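>>> Here is my input; please provide its structure:
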Amino acid sequence: MDKKIKIGILGATSYTGAELVRMLAFHPYVSIDYVSSQSYDGQKLSAVFPGLMGINDDVLISPQDAQKRDADCVFSCLPHAASAGLLLPLIDGGIRVIDLSADFRLKDPEVYKKWYCDAKYTEHPAPRLIEKAVFGLTEHYRQQIAGAQIIANPGCYVTCILLPLLPLYKSGAQIEWVIADSKSGVSGAGRGLKQNTHFPEANENFSAYAVGHRHRHTPEMEQELSFAAGKPVTMTFSPHLLPINRGILSTIYIKTSLTAAECTDIVKKSYAGEPFIRIREPADLPTTAAVAKTNYCDMAFTGGEDGGHPVIAISALDNLMKGASSQALQNMNVMFNLPETTGLLL
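The predicted structure is shown next:
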């Protein structure tokens, strides 16, 4: 490539923003044109994240100043609702964007309103752009991603749960119900201070939260499973907080006529040749340590041998990487017709 892709990063002082900076700094086909932060405007990024000293010492600019800058592609690591509003002038200016918030994931604005709007944001910031956005689960929407202007990067839990399930639903398999029991590291809650993620509260503790169809990722998963099945699909999702920095491990119970071996065969065929999907054996179940700081999603299927019990899928990924930033970079590679693994096999 003769000319490097100019990149802008909104919300560069988030955990996901810092991960993007770290990866993009060593990507051979891009240059970071600017890094942006509302809270740290005017400060050096490396002053906020000392680990980035010498990697990116740029001065952070405000999102409003970023709107005046030219770039080929902008990553947004901003909060839900705020993201779409600040991206709107960039999109109207023809810039390609990859949004790591939920603002373009849900196709029904009323569903979005139910789960994400509040007293500050009472409506979707840019409903006219929802249909234009492509859901950024690379392994399932690669062709659409290649030509898209707006990528809605999936949620971290969503990626971990959908990757083992979508091939089964797309195969036409008879599935009665799904229960996903997922555990995430504390970084999934972001850098903002919250009591339940405060060190004395989270350390040496293990807790469930947003149980009972109350987690915002639930409609996102049900939407994609329904698209795959060609009919409405509901599921039970129970998230938990692990006292670790990063990583997600999901235990997914699938009531189906298939055996675990048949599920494994379907998924292996679906992901044959995929560089970031690793299918493990039942005796070698996925772990968070095995995928930490990588773009891999590991999965395995077990149980269900007698037909009376559910098949159990275990999947694991790094919530900040395949669950967010490295998947966003994977999507950028596809958008700009670059080798998909560029910058990701670190």
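
>>> Who are the contact partners of Ala324?
16, 19, 100, 153, 156 (CB atoms under 8 Å, 6 or more residues apart in numbering). Heads up, the C-betas are built off the backbone N, CA and C, glycines and all.

>>> what does the model give the closest residue to the last one other than its chain neighbours for pLDDT?
Closest residue in space to Cys156, ignoring its immediate chain neighbours: Gly323 at 2.8 Å, by CB to CB, 6 or more residues apart in numbering. Gly323 is assigned 97 on the pLDDT scale.

>>> and the host helix or strand of Leu165, what does it pack onto?
Using DSSP states H and E, Leu165 maps to helix 156-170. Applying 3 or more CB pairs under 8 Å, 6 or more residues apart in numbering; DSSP states H and E, one finds that helix 156-170 makes contact with helix 138-146, strand 175-184, helix 217-229, strand 236-241, strand 248-256, helix 260-270, strand 297-303, strand 311-317.

>>> As TSV, the ones you listed with mean pLDDT, distance to Val291 and mean neighbour count would be great.
Shown next, in TSV, are the helices and strands packed on helix 156-170 (pLDDT from 0 to 100; distance: least, CB to CB, whole Å; neighbours: other CB atoms under 10 Å):
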stretch	mean pLDDT	distance to Val291	mean neighbour count
helix 138-146	98	15	17
strand 175-184	97	13	20
helix 217-229	97	19	20
strand 236-241	96	18	19
strand 248-256	97	9	21
helix 260-270	97	17	18
strand 297-303	96	6	24
strand 311-317	98	5	25
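
>>> Taking their axis directions, the helix holding Leu165 and strand 297-303 sit at what angle?
50 degrees (axes from the mean of the first three to the mean of the last three CA atoms, to 10 degrees).

>>> If you compare the directions of helix 156-170 and strand 248-256, what angle comes out?
Going by the same axes, to 10 degrees, helix 156-170 makes 30 degrees with strand 248-256.

>>> now the angle from helix 156-170 to strand 311-317?
140 degrees.

>>> pLDDT-wise, which helix or strand of this structure ranks last?
The helix or strand of the chain with the poorest confidence is helix 199-202; it has a mean of 74 (mean pLDDT, DSSP states H and E).

>>> what about that one, distance to the chain center?
Computed by CA atoms, centre = their mean, to the nearest Å, the chain-centroid distance of helix 199-202 equals 25 Å.

>>> can you pull the buried residues of that helix?
For helix 199-202, the neighbour count (16 or more other CB atoms under 10 Å) marks Ala202 as buried.

>>> quick one: contacts of it?
With CB under 8 Å, 6+ apart, helix 199-202 has contacts from 186, 195-196, 241, 243.

>>> do stretch 49-58 as well
13, 18, 21-22, 25, 32, 34-35, 44-46.

>>> Make JSON lines from those residues and add pLDDT, neighbour count and distance to Gly343 to it.
Shown next, in JSON lines, are those (pLDDT from 0 to 100; neighbours: other CB atoms under 10 Å; distance: CB to CB, whole Å):
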{"residue": "Thr13", "pLDDT": "96", "neighbour count": "22", "distance to Gly343": "21"}
{"residue": "Ala18", "pLDDT": "96", "neighbour count": "25", "distance to Gly343": "15"}
{"residue": "Val21", "pLDDT": "98", "neighbour count": "25", "distance to Gly343": "12"}
{"residue": "Arg22", "pLDDT": "97", "neighbour count": "17", "distance to Gly343": "10"}
{"residue": "Ala25", "pLDDT": "96", "neighbour count": "15", "distance to Gly343": "9"}
{"residue": "Ile32", "pLDDT": "97", "neighbour count": "23", "distance to Gly343": "12"}
{"residue": "Tyr34", "pLDDT": "97", "neighbour count": "20", "distance to Gly343": "19"}
{"residue": "Val35", "pLDDT": "97", "neighbour count": "28", "distance to Gly343": "17"}
{"residue": "Lys44", "pLDDT": "97", "neighbour count": "16", "distance to Gly343": "23"}
{"residue": "Leu45", "pLDDT": "97", "neighbour count": "25", "distance to Gly343": "19"}
{"residue": "Ser46", "pLDDT": "97", "neighbour count": "17", "distance to Gly343": "20"}
